[in-house]
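Trainee: Sequence and computational prediction follow.
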Amino acid sequence: MDHSSDAMLPLETLRAFDAAARTGSFSAAAEKLNLTHGAVSRQIAKLEDWLGLKVFDRGARGVSLTIEGNRLHLRTTEAFALISSNSDRWIEPRGTAVVRLTSIPSVSGLWLMPRMAALENNPSKLRIVLDVDIRQADLADEGIDLSIRCGRGRIPSRVSVQLFEEHVFPVASPDLAREIGRGDPARLLKFPLINDSDASAWRAWFAAQDMDYRPRPQDRRFEDYNLVLDAAAHGLGIALARPPMIEHQLKSGRIVAVDDRIVLSPISYWLDRPIGRPRAAAAELARRIAAQAGLAPEKIEDFIVAEQ
């Protein structure tokens, strides 16, 4: 079998192929894998493009394996059986009430985890499979129902709704906060400032005080906001609080505010989903996430029924 590159196919692609081969239907495979029909169809197209040949004949009543497809299915069946008998890996739960949700590490740990029990159990039970990733993945191709991300606006090929905005203010460890004291905002520049992926929030905060800010050699940068908070809590500099992700850190006293000036950040939080009608469980989780974020019910309903 010829294929277009030496890259390995994702396991999800072979899983979709196996399910379609066993059921003789992309729709039945989608239901079995808790995906949309379009997601399964795209995975099969990806497989056929990689192989450079057809694995299914499409018909009005379903699909059937080609000769090449049948050969491949024999191999994948053996491979999956080998994996099943020799692996202790985690088996991902599946079912109609299972929802795949993806987000970055900071949102997952600081905002989702404290709310996970409420999101899964109120009022009826859902099972959330949380995919923690920093990529802007193709939601449909990877079988992801919903995504929570930080950003500046909508992303093409997704349906998006803004969950909430950030109103940021400076924070530090209690010991460093006492050293910083209160007063003119320029006093903060005597200390290292801690950034995450970029300095836009700090620039916005200083701009609101009629000051210019550019990162300096003494400032620190960490890609993940969890590390930004850890660095601030250990006295390495001043960070920006990003409510509501920061609420538990402030309540515990691990970090404290060092300035009362609050500024709207250019970054906000978005709930995304693939284009197309969401599954009932995904729509229900979207409603629960919206309620936790304080989003108006009519806005989340518009998000659920939107075509694009």
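Mentor: Alright, I've got the coordinates. Because the structure is a prediction, the values reported are computed rather than measured. Residues are numbered from 1 along each chain as shown.
Trainee: Can you point out the helix or strand that includes Leu264?
Mentor: strand 263-274 (DSSP states H and E).
Trainee: Who are the packing partners of that strand?
Mentor: strand 146-151, strand 158-172, helix 200-208, helix 280-293 (3 or more C-beta pairs under 8 Å, 6 or more residues apart in numbering; DSSP states H and E). In short, each C-beta sits where N, CA and C put it, glycine included.
Trainee: Could you report the separation of the residue nearest to Cys150 when sequence neighbours are not counted from Arg152?
Mentor: Leaving aside its chain neighbours, Cys150 sits nearest to Ile267 (5.2 Å; criterion: C-beta to C-beta, 6 or more residues apart in numbering). Per C-beta to C-beta, to the nearest Å, Ile267 is found 7 Å from Arg152.
Trainee: Those two: which has the busier surroundings?
Mentor: Ile267 (19 against 10; other C-beta atoms under 10 Å).
Trainee: Contact partners for the more buried one?
Mentor: Cys150, Gly151, Arg152, Glu166, Ser200, Ala201 (C-beta atoms under 8 Å, 6 or more residues apart in numbering).
Trainee: which residues does the first one form a beta bridge with?
Mentor: What it means is Cys150. Note on Cys150: beta-bridge partners Tyr269, judged by DSSP bridges.
Trainee: quick one: low-confidence parts of the stretch 1-150 of the chain?
Mentor: Within the stretch 1-150 of the chain, the segments meeting pLDDT under 70 span 1-8, 82-96.
Trainee: if you set the cut-off to 80 instead, what comes out?
Mentor: Along the stretch 1-150 of the chain, segments meeting pLDDT under 80 span 1-10, 34, 60-61, 78-96, 122-123, 133-138, 140-142.
Trainee: what are the ranges of the strands in it?
Mentor: Shown for the stretch 1-150 of the chain, the strands assigned by DSSP state E, counting those that start in this stretch span residues 56-59, 62-65, 98-103, 127-132, 146-151.
Trainee: on that earlier part again, tell me the buried residues within the contacts of Ile267.
Mentor: Buried residues within the contacts of Ile267, counting neighbours by 16 or more other C-beta atoms under 10 Å: Cys150, Glu166, Ala201.
Trainee: any chance of the residues you listed in CSV, plus distance to Arg100?
Mentor: Conversion of the buried ones among the contacts of Ile267 to CSV gives the following (distance: C-beta to C-beta, whole Å):
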residue, distance to Arg100
Cys150, 19
Glu166, 26
Ala201, 30
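Trainee: quick revisit: I'd like the distance between the residue nearest to Cys150 and Arg220.
Mentor: 19 Å.
Trainee: Which segments of the chain make up each domain?
Mentor: The record's domain parsing of the chain by automatic domain parsing lists 11-86, 98-157+268-305, 165-267.
Trainee: which parts of stretch 168-180 are buried?
Mentor: Under 16+ other C-beta under 10 Å, the buried positions of stretch 168-180 are Val168, Phe169, Pro170, Val171, Ala172, Ser173, Leu176, Ala177, Ile180.
Trainee: Of these, which is the nearest to Leu14?
Mentor: Taking C-beta to C-beta as the measure, Leu14 lies nearest Val168 of these, at 44.5 Å.
Trainee: And the pLDDT at that closest one?
Mentor: pLDDT, Val168: 95.
Trainee: do you know how far it is from Arg288?
Mentor: In this view, Val168 and Arg288 are 26 Å apart by C-beta to C-beta.
Trainee: cool, Ser147 as well?
Mentor: 15 Å.
Trainee: returning to what we had before: could the buried residues of stretch 168-180 go into JSON lines alongside distance to Pro10?
Mentor: Output for the buried residues of stretch 168-180, formatted as JSON lines (distance: C-beta to C-beta, whole Å):
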{"residue": "Val168", "distance to Pro10": "37"}
{"residue": "Phe169", "distance to Pro10": "42"}
{"residue": "Pro170", "distance to Pro10": "43"}
{"residue": "Val171", "distance to Pro10": "40"}
{"residue": "Ala172", "distance to Pro10": "43"}
{"residue": "Ser173", "distance to Pro10": "43"}
{"residue": "Leu176", "distance to Pro10": "46"}
{"residue": "Ala177", "distance to Pro10": "47"}
{"residue": "Ile180", "distance to Pro10": "49"}
